[in-house]
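A.B. asks: with the input below, show me the fold.
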Amino acid sequence: MFHISTFYDCCERDYSFLKQSLSKKAYELSIVGTIILTPEGINSTIACSDLENLYSFEAFIAKYFPSIDIGRSYTEKKPFKRFKIKERRELVPSGTNLKPTDYSASHVAPEFWNKFLKDENPILIDVRNNYETSIGTFKGALNPDTRNFREFKHFVKKNKKAFKGKKIGIFCTGGIRCEKASSIFKSEDITDVHQLKGGILSYLKNSSEKNLWEGECFVFDERVTVDKDLKKGSFYQCFACRRPLSETDLKSNHYSAGVSCHQCINEKSEEDRLRYLERHEQIIKKNN
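C.D. replies: Below you'll find the predicted structure:
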């Protein structure tokens, strides 16, 4: 079994100096997963088969990021192939100069999310991408139909008259995109914004009633999706575009394992597909 830890912290500072020490610590403790270091803070999903080792690594990180709020889940199979650190300019690429610390929405604990939606009746908005919303979301949530988070600012600007002065509820996978989304709303003078603390994963773990969630939740690891009990879901993944695929999608004439699917067949060049095929054959050879 592998224990999974997901967390983020929004705090402005140059954290590049941590890269070497985090890599060394991860190697010592057999940690796998991804850490994103930015001048805006940290975003991470990591895993380890040894829970005590995972605790030790979290404690090491908490020395520099004391406000991290950790979400936990587990899986039977190794969810990441290796450990890696990515250095980026933003925690979430937004196509803006806004920072997550510019404005913070109020955080609604997952245990009270159902009550908030029932009593406050907010305009509920899923801030994730369309391939994520297509496999699961909260009942009644608006789908911005974005291909990536950079497009979310256009959705807010286009609908700001309908949103201004209204109570807004927002959610994403683990909470980090909502931190940036709240600043986007504020930039359009929309301030009555409330986000699901810890995101969908925290809701599925901590809410006693999950009746408002429909479908599965896309996750950024080898599980692809998780169900309401945070167990591995029923979807596969296209290794060309990384989008989720159902059993039906695998039967499409456009699907070729490791090369293409119906969603990316017209997005990639023949040169791309040849490169993907070569990579896929190398992976098969290595595993055999």
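A.B. asks: now the biggest helix by length in the chain: mean pLDDT?
C.D. replies: Of all the segments of type helix in the chain, defined by DSSP state H, the longest one is helix 270-287. Averaged across helix 270-287, pLDDT comes to 83.
A.B. asks: what's the neighbour count on Ile70?
C.D. replies: 16 (other Cβ atoms under 10 Å). (Glycine included, C-beta is placed from N, CA and C.)
A.B. asks: got the contact list for Tyr27?
C.D. replies: Residues near Tyr27 by Cβ atoms under 8 Å, 6 or more residues apart in numbering: Phe83.
A.B. asks: check the gap between it and Lys231 for me.
C.D. replies: 29 Å (Cβ to Cβ, to the nearest Å).
A.B. asks: and stretch 87-104, how far apart are its ends?
C.D. replies: 24 Å (Cα to Cα, to the nearest Å).
A.B. asks: can you give the contact residues for that stretch?
C.D. replies: Applying Cβ under 8 Å, 6+ apart, the external contacts of stretch 87-104 come out as 8, 10-12, 16, 19, 36-43, 148-153, 176-177, 179-180, 182-187, 191.
A.B. asks: how does it look with 6 Å?
C.D. replies: Stretch 87-104 is contacted from outside by 10, 36-38, 40-41, 43, 149-150, 153, 176-177, 179-180, 182-183, 186, using Cβ atoms under 6 Å, 6 or more residues apart in numbering.
A.B. asks: buried residues in that stretch, which are they?
C.D. replies: 90-92, 94, 98-100, 103 (16 or more other Cβ atoms under 10 Å).
A.B. asks: and stretch 162-176, by the same measure?
C.D. replies: For stretch 162-176, a neighbour-count test (16+ other Cβ under 10 Å) marks 163, 168-176 as buried.
A.B. asks: nearest to Arg242 among those?
C.D. replies: Closest approach to Arg242 among these (Cβ to Cβ): Thr173, at 14.1 Å.
A.B. asks: surely that closest one is in contact with Gly198?
C.D. replies: No: between Thr173 and Gly198 no contact is recorded; they are 9.8 Å apart, counting by Cβ atoms under 6 Å.
A.B. asks: ok, Phe138 - how many residues close by?
C.D. replies: 21.
A.B. asks: contacting residues for the closest residue to it other than its chain neighbours?
C.D. replies: Closest residue to Phe138 apart from its sequence neighbours, by Cβ to Cβ, 6 or more residues apart in numbering: Leu212 at 5.3 Å. Leu212 makes contacts with 114, 138-139, as judged by Cβ under 6 Å, 6+ apart.
A.B. asks: restricted to strands, list the residues you listed.
C.D. replies: Using DSSP state E, Phe138 are the members of those that sit in strands.
A.B. asks: wasn't Ile200 part of a strand?
C.D. replies: No: according to DSSP: H, G, I helix; E, B strand; the rest coil, Ile200 belongs to no strand; its state is helix.
A.B. asks: name the nearest residue to it, ignoring sequence neighbours.
C.D. replies: Cys217 (5.0 Å).
A.B. asks: just Ala181 next, same as before
C.D. replies: Val127 (4.7 Å).
A.B. asks: if we can go back for a sec, now the residue nearest to Phe138: how far from Leu196?
C.D. replies: For Leu212, the distance to Leu196 - Cβ to Cβ - is 11 Å.
A.B. asks: okay, helices next: where are they in the stretch 51-200 of the chain?
C.D. replies: All helices of the stretch 51-200 of the chain, identified by DSSP state H, counting those that start in this stretch, fall at 51-62, 113-120, 130-133, 152-158, 160-163, 176-187, 199-206.
A.B. asks: deepest-packed of those helices, please.
C.D. replies: With neighbours taken as mean count of other Cβ atoms under 10 Å, the helices of the stretch 51-200 of the chain reach their highest mean count in helix 176-187, at a mean of 24.
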